[in-house]
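>>> Can you look at this prediction? I've put the sequence above it.
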Amino acid sequence: MSTVQAARTVVFYLLLATSACIWGTLSVLIGPFLPFAQRARFITQAWCRLAVWLCKWVAGIDYREQGAEHIPQQPCVILAKHQSTWETFFLSARVAPLTQVLKRELLYVPFFGWAMAMVKPIAIDRSNPKAALKQLARRGDECLRAGAWVLIFPEGTRVPVGQMGKFSRGGAALAAHAGLPVLPVAHNAGRFWPKQGWSKTPGCIDVIYGPPLYAAGADSRSIAELNQRAEAWIAEQMARIDPPASQPATLGEQSLAR
């Protein structure tokens, strides 16, 4: 990473951290007086839009979307590829109100965690998978009924570039029982915002939305089949935009952000 890009990355993190402290404080003070939908837009969507903006204009990481016409008018379950922190910001800024599955420990982070707790995330204990699945089913259904999108990373953790993790059925089960579709989302953010380290590589992230996928029923076989279709679609897109290092670079890597 060049000296200039290193400096840009440092400035990006300083501005992001400062904005999180300021916005987190405002959210704790103002949030309790807002209805849930407005609170989610104020606390999560507005700040995440700022984070995506800083990423573009300070760190030099832009994005382009394909298939945005597939995004449903009504909230549903979003099943997204997980490579970095960027997609958490981006998808939270893209639709609202949105709740997401996250590690319970994140709610203890000063400012950021306090604000996140006010938008009713599905905070799970990853050390207890069975309890986490039950909580996802119960809280996820409540959120969908309340008109909120539910963002789930079915791989469970950030997966390195060029790899696919095993998909959990939790998101597919949630959608099937609610009679709603899953919206599959593929992207290659990890090539510009790596899973490990603090470095950032300028470029253009490809974000692709697939057609909404419905389960044939709410039985275990239908849920497994829906999950397999979502995983297969994302894997197919990732093979195109996120090939292993030995293969040619993606279009996004060849297009530096302005």
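Thanks, I have the structure now. Numbers count the residues shown, from 1 in each chain.
>>> Would you confirm that residue 147 contacts residue 76?
No - using C-beta atoms under 8 Å, residue 147 makes no contact with residue 76, being 11.1 Å away. Where C-beta positions appear, they are placed from N, C-alpha and C, glycine not excepted.
>>> Tell me which residues of stretch 216-228 come out buried.
222-223, 225-227 (16 or more other C-beta atoms under 10 Å).
>>> do the same with stretch 122-141
Going by neighbour count (16+ other C-beta under 10 Å), the buried part of stretch 122-141 is 122-124, 132-133, 135-137, 139-140.
>>> for it, what is the average pLDDT?
Averaging pLDDT along stretch 122-141 yields 85.
>>> Just the CA atoms from it would do, formatted as CSV, please.
Taking C-alpha atoms only, stretch 122-141 is exported to CSV below (Å, rounded to 0.1, in the frame of the first residue of the first chain):
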residue,chain,number,x,y,z
ILE,A,122,-31.0,-9.9,16.7
ALA,A,123,-28.1,-10.2,19.0
ILE,A,124,-27.1,-13.8,19.4
ASP,A,125,-24.7,-15.8,21.6
ARG,A,126,-22.5,-17.6,19.0
SER,A,127,-21.2,-20.0,21.7
ASN,A,128,-24.7,-21.5,21.9
PRO,A,129,-25.9,-22.3,18.3
LYS,A,130,-29.1,-24.0,19.3
ALA,A,131,-30.3,-21.0,21.4
ALA,A,132,-29.1,-18.6,18.6
LEU,A,133,-31.3,-20.4,16.0
LYS,A,134,-34.4,-20.2,18.3
GLN,A,135,-33.7,-16.5,18.9
LEU,A,136,-33.3,-15.9,15.2
ALA,A,137,-36.6,-17.6,14.4
ARG,A,138,-38.5,-15.8,17.1
ARG,A,139,-37.0,-12.3,16.8
GLY,A,140,-36.7,-12.5,13.0
ASP,A,141,-40.4,-13.3,12.7
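>>> neighbouring contacts of that stretch?
With contact meaning C-beta atoms under 8 Å, 6 or more residues apart in numbering, stretch 122-141 is reached by 77, 99-104, 106-107, 117, 120, 143, 150, 152, 156, 170, 173-174, 177-178.
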